[in-house]
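*Asks:* Just need the structure, nothing else, for what follows:
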Amino acid sequence: MIDLFLIAFIGYVLVLGIKRPFLWVLLYIYIDILAPQRIGYSLITSLSVSLIAFAAAFGGWLALDSKKGARFTGRQGLMLLFLLYCWWTTGFADFPENAATKWDWVWKAMLFAIFLPLTLTTRLRIEGALLTMLLSMAVIIVGGGIKVVFGGGGYETRMLIVNDNSGIYETSVLACMAIAIIPAIHWFTRHGTIFPPDWRVKLFGYAFIFACILIPVGTEARTGLVCFAVLLLLTFRHVKNKVLFAGLGAIAMIAAIPFLPASFTERMGTITEFEQDQSASTRVAVWSWTLDYAAENPWGGGFDAYRGNSFEYRMRVEETAGGTTSVTYQDVVDEARAYHSAIFEVLGEQGYPGLILWSLIQITGLVSMARIRKRWKGRVGPDKQWQAPLASALAQAQIIYLVGALFTGIAYTPPMLLLLAFQIGLSSYLKQCEEPVEAATARPVSRRARPTIGKPSEAI
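*Replies:* Model (predicted):
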């Protein structure tokens with residue numbers, strides 16, 4: 001029944017898209033995030049629903065959709081260059097089969113992120129695409145949050161809707177992205193137009209945010225705790241009564257400690273004791289190996305180049321007996337360990353040129369959002385209050401992602417690539433809105449024919 005329902009829903013949207021091709025773009029976002037082919041059990045698992053939606057989104061835009069307002073920006077050019085560079089390194093990868101497997105999903109995620117801004121030509125489309133991503137993630141996050149409330153969860157425990165630990169369903173990735181999308185959820189509770197922010201929207205939005213906060217608790221992913229701390233710092237910058245915010249936050253944290261699982265508090269305590277934690281010690285050793293590897297292979301080793309690593313390190317071990325604590329150092333040999341950091345992931349796989357391109361994509365995104373906030377902050381009047389808050393939400397999401405990416409290999413994760421696409425789409429759309437105003441003020445207007453500044457079409 002689940003398979004039939006999912007196939008019927010996908011087919012229904014495909015039919016609707018004949019009249020509104022942008023719906024195929026939303027369909028691909030839904031499939032890319034939720035991966036319904038993993039949820040089903042039989043028929044849908046054998047269908048290439050992702051490829052079907054991918055082809056429909058591109059083909060529909062090319063053949064049926066309006067191209068008015070579509071622009072190819074310099075930042076999309078950087079992403080395209082990075083994509084081509086990844087394709088080039090895949091050709092001489094250290095592990096061709098593994099590299100081909102990763103390339104198979106990376107190129108689609110990156111190409112769609114490059115393509116998506118071309119379709120985001122109205123506010124309605126920007127909101128629709130962002131809302132589709134958030135609601136698709138809500139299926140995973142809200143379900144996981146409910147299980148946490150009723151006593152589920154735990155490190156490496158399957159608490160999600162699929163029995164899988166890859167992609168968005170990987171615990172550290174989900175914990176990071178769940179916290180990263182909170183600013184965007186909050187934006188919809190104040191400025192959304194698809195679902196006007198009445199009490200029902202606010203109630204769902206705040207419940208969704210609460211579920212996002214529960215994900216790091218349920219997964220016991222230390223990355224999630226670090227990301228949540230970054231979110232609090234970013235929020236602290238914007239609140240008016242900082243003393244009250246800090247006081248209430250401290251009280252809430254102290255009050256929550258007795259209700260947290262003992263396994264969660266024990267695992268979070270290892271953040272400051274990396275020398276005694278094998279996972280943390282392994283990461284440091286992998287990062288050191290990657291630096292040495294990049295020095296010998298500055299162009300990178302292609303996807304999954306980490307499979308060639310092998311190293312030995314010493315881990316500090318404390319043993320307590322009879323009130324006496326003894327410290328010894330244990331030699332540990334390991335190999336084929338993942339990077340556990342997006343920075344070192346890109347460095348090892350794409351070398352220094354790839355790392356420079358990836359960093360430029362991230363930096364230009366933050367700069368672009370800062371410029372939008374500066375231009376639109378403080379404006380008054382109808383339809384001028386949502387731009388700066390949305391830019392802030394997307395920038396905060398990116399900052400949280402970047403901090404989480406320091407400890408997790410999520411350089412190419414689809415949700416973050418989509419957020420980058422939303423940044424580009426928002427920037428391009430706002431330039432389109434401002435150009436008629438700038439043109440009108442730059443030249444004298446004839447008394448006989450005063451031009452009217454029309455609002456861009458809001459049709460899907």
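
*Asks:* Need phi/psi at residue 311.
*Replies:* The phi and psi values for residue 311, taken as degrees, to the nearest 10, are phi -160, psi 160.

*Asks:* ok, how many other residues are close to residue 209?
*Replies:* 19 (other C-beta atoms under 10 Å). Quick note: C-beta positions are derived from backbone N, CA and C, even for glycine.

*Asks:* Let me fix that, I meant to ask about residue 299.
*Replies:* By other C-beta under 10 Å, the residues close to residue 299 number 15.

*Asks:* you'd agree it is in a strand?
*Replies:* No: per DSSP: H, G, I helix; E, B strand; the rest coil, residue 299 lies outside any strand segment and is coil.

*Asks:* Tell me the buried residues in stretch 55-70?
*Replies:* 56, 57, 58, 60, 61, 65, 69 (16 or more other C-beta atoms under 10 Å).

*Asks:* Centre of the chain to stretch 69-88, how far?
*Replies:* Computed by C-alpha atoms, centre = their mean, to the nearest Å, the separation of stretch 69-88 from the middle of its chain amounts to 18 Å.

*Asks:* first to last residue in stretch 150-169, what's the distance?
*Replies:* Criterion C-alpha to C-alpha, to the nearest Å; first-to-last residue distance in stretch 150-169 is 20 Å.

*Asks:* Could you pull out the buried residues of the helix or strand hosting residue 13?
*Replies:* Using DSSP states H and E, residue 13 falls within helix 2-16. Neighbour counts using 16+ other C-beta under 10 Å place 3, 6, 7, 10, 13, 14 of helix 2-16 among the buried residues.

*Asks:* By pLDDT, give me the weakest of these.
*Replies:* Least confident entry in these, by pLDDT: residue 3, with 80.

*Asks:* Can you give me every residue that contacts that residue?
*Replies:* The contact partners of residue 3, taken as C-beta atoms under 8 Å, 6 or more residues apart in numbering, are 40, 41, 42, 43, 44, 45.

*Asks:* repeat that for 10 Å
*Replies:* 36, 37, 39, 40, 41, 42, 43, 44, 45, 46, 47 (C-beta atoms under 10 Å, 6 or more residues apart in numbering).

*Asks:* What distance do you get for the third one to residue 14?
*Replies:* By that I understand residue 39. 18 Å (C-beta to C-beta, to the nearest Å).

*Asks:* Quick check: which helices or strands does the helix ranked longest in the chain pack against?
*Replies:* Ranked by residue count under DSSP state H, the longest helix found in the chain is helix 342-376. Judged by 3 or more C-beta pairs under 10 Å, 6 or more residues apart in numbering; DSSP states H and E, helix 342-376 is in contact with helix 74-90, helix 96-119, helix 278-296, helix 387-405, helix 414-442.

*Asks:* closest one to residue 210 among the ones you listed?
*Replies:* In terms of C-beta to C-beta, the element of the helices and strands packed on helix 342-376 nearest to residue 210 is helix 387-405, at 17.0 Å.
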